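Participant: fold the following for me, if possible:
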Amino acid sequence: MAKILIVDDEEHIRQLYSEELMEAGYEVATAENGFKILERIEKEKPDLVILDIKMAEESGLDVLQEIRNKYYNLPVVLCTAYDTFKEDMKSIAADFYVIKSFDLTELKNRIAMALETRNNIENNDDDK
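Facilitator: Residues are numbered from 1 along each chain as shown. Prediction:
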């Protein structure tokens, strides 16, 4: 069972995503901000991170850079209410970019794609 870390400053979003993803068979951990994100990743050992961009304490794009500097193979899905961040160069470090919606079909599809890609890469590395 894959573990997903949800980082979003809005409690109702964390709750919605948690419920939906647990129903879909994922293990879920949540964080209300990116403070000490590297320590949180080390502790939780997620297979994927869902990251909000616009949070009260810090920019999710800065948090993404922190993640990429140490965990460059960890899939990250940026999930935001704003499509304008697609143009930000920092956002290209994410595996996928999803606009927030109460219909989580696209988010779930991107999660599945990111995890499948990660598994394929790991399996290819094992074959070498």
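Participant: so which bits of the lengthiest helix in the chain are buried?
Facilitator: Of all the elements of type helix in the chain, the one with the most residues (DSSP state H) is helix 105-127. Of all the residues in helix 105-127, those buried under the rule 16 or more other C-beta atoms under 10 Å are 107, 108, 110, 111, 114, 115, 118. C-betas here are computed from N, CA, C, even on glycine.
Participant: and stretch 57-76, by the same measure?
Facilitator: Result for stretch 57-76 [16+ other C-beta under 10 Å]: buried residues 59, 60, 61, 63, 64, 67, 71, 74, 75, 76.
Participant: quick check: mean pLDDT of that stretch?
Facilitator: For stretch 57-76, mean pLDDT rounds to 92.
Participant: kindly report the same for stretch 15-25.
Facilitator: Mean per-residue pLDDT for stretch 15-25: 97.
Participant: which other residues reach it?
Facilitator: 1, 4, 6, 8, 28, 30, 50, 102, 104, 107, 108, 111 (C-beta atoms under 8 Å, 6 or more residues apart in numbering).
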